[in-house]
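Chemist: Sequence and predicted model, in that order:
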Amino acid sequence: METLEEWKDAKELTTTDEVLFVFPCLEELSIGWCNKLRYLPDSLRTCVSLQKLVVWHCHELSSLPGVRSLQKLVVEDCPNLMSLPGVGSIIRCGIEDPPNGLQCVIYSENGDFHLPSTSSIHPSLQKLKLIRYGSLLLDQIQYFIALKILWIQGYQMVALPEWFGNLSSLQELYLLHCWELVHLPTEVAIRRLTQLKTLIIYRCPRFEDNEQIKISHVPWVKINDW
């Protein structure tokens with residue numbers, strides 16, 4: 001729907017003040033190639049069964065609604081989406097009850113995209129995939145204390161920061177197409193990742209072989225330059 005500019009909120013189409021529950025059985029919603037769509041309706045907040053939201057190639061979209069039941073969010077090529085204001089209302093229970101919060105967020109962006117504030121999504125976030133070229137690693141990652149799976153692709157960084165050792169719940173780490181990557185954090189920081197079971201380094205041609213001594217404690221390691 002390349003010419004769609006507005007998705008009208010259901011409330012705007014009624015004359016009463018009643019609360020409308022929109023798509024009460026909807027579990028997955030994908031929106032793509034709506035290049036002129038600016039907003040999604042607030043009524044999507046009432047999608048009580050919505051668990052997965054995928055939005056891609058919506059160049060004018062500026063915000064997303066908060067959905068309490070959401071567990072997986074995928075955002076790709078939405079250059080005007082500078083933040084996710086609705087996410088803060090999703091997370092309430094924190095790390096004590098992860099299934100009730102957003103568990104997976106995927107960002108893919110060629111423009112200037114900002115993660116939500118660290119206070120909004122880090123308590124229960126378990127899976128994070130970042131795909132971005134020519135950008136520095138975002139410091140907010142260090143606050144995702146429940147993170148179990150981290151995928152980083154296309155980041156231009158020479159070394160992983162020392163605070164990587166703070167990701168104590170991390171079980172799987174994937175580093176792909178990081179062409180400038182040479183070093184991991186210090187061995188002291190890496191060995192603090194006691195839960196790390198899988199480390200994949202793929203197409204990082206400058207990664208030095210002597211760095212492997214730092215990850216000798218990781219059960220499954222695969223390094224492939226090409």
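Modeler: Arrived safely. Residues are numbered from 1 along each chain as shown.
Chemist: Counting neighbours, which bits of stretch 24-38 end up buried?
Modeler: Residues Leu29, Ile31, Cys34, Leu37, Arg38 are the ones in stretch 24-38 that count as buried (16 or more other C-beta atoms under 10 Å). Any C-beta I mention is one placed from the backbone N, CA and C, and that applies to glycine too.
Chemist: Please read the previous query as pertaining to stretch 155-167.
Modeler: So, applying 16+ other C-beta under 10 Å, buried residues of stretch 155-167: Tyr155, Met157, Leu160, Phe164, Gly165, Asn166, Leu167.
Chemist: quick one: which of those is nearest to Glu211?
Modeler: Glu211 has its nearest neighbour among the buried residues of stretch 155-167 in Leu160, at 10.0 Å by C-beta to C-beta.
Chemist: that older thread, now, which of the buried residues of stretch 24-38 sits nearest Arg203?
Modeler: Using C-beta to C-beta, those come closest to Arg203 at Ile31, 30.8 Å.
Chemist: The closest one and Tyr39 touch, don't they?
Modeler: No - Ile31 is beyond contact range of Tyr39, at 11.6 Å (criterion: C-beta atoms under 8 Å).
Chemist: returning to what we had before: dump the buried residues of stretch 24-38 into a markdown table; add pLDDT as well.
Modeler: Shown next, in a markdown table, are those (pLDDT from 0 to 100):
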| residue | pLDDT |
| --- | --- |
| Leu29 | 93 |
| Ile31 | 94 |
| Cys34 | 95 |
| Leu37 | 94 |
| Arg38 | 90 |
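Chemist: which is the next helix or strand following the helix or strand of the chain with the lowest mean pLDDT?
Modeler: When each helix and strand of the chain is scored by mean pLDDT, DSSP states H and E, helix 118-121 comes last, with a mean of 51. Beyond helix 118-121 on the C-terminal side, the first helix or strand identified by DSSP states H and E is strand 127-131.
Chemist: C-terminal to that next one, what's the next element?
Modeler: strand 149-153.
Chemist: residues making contact with that following strand?
Modeler: Applying C-beta atoms under 8 Å, 6 or more residues apart in numbering, the contact partners of strand 149-153 are 126-132, 137, 141, 167, 170-178.
Chemist: Write a ChimeraX command that selects only the buried members of these.
Modeler: To isolate the buried members of the contacts of strand 149-153 in ChimeraX, using 16+ other C-beta under 10 Å:
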select :126,127,128,129,130,131,132,137,141,167,170,172,173,174,175,176,177,178
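Chemist: for the protein, which residue is closest to the average position?
Modeler: Centroid-nearest residue in the chain: Val105, 2.9 Å away (criterion: C-alpha atoms, centre = their mean).
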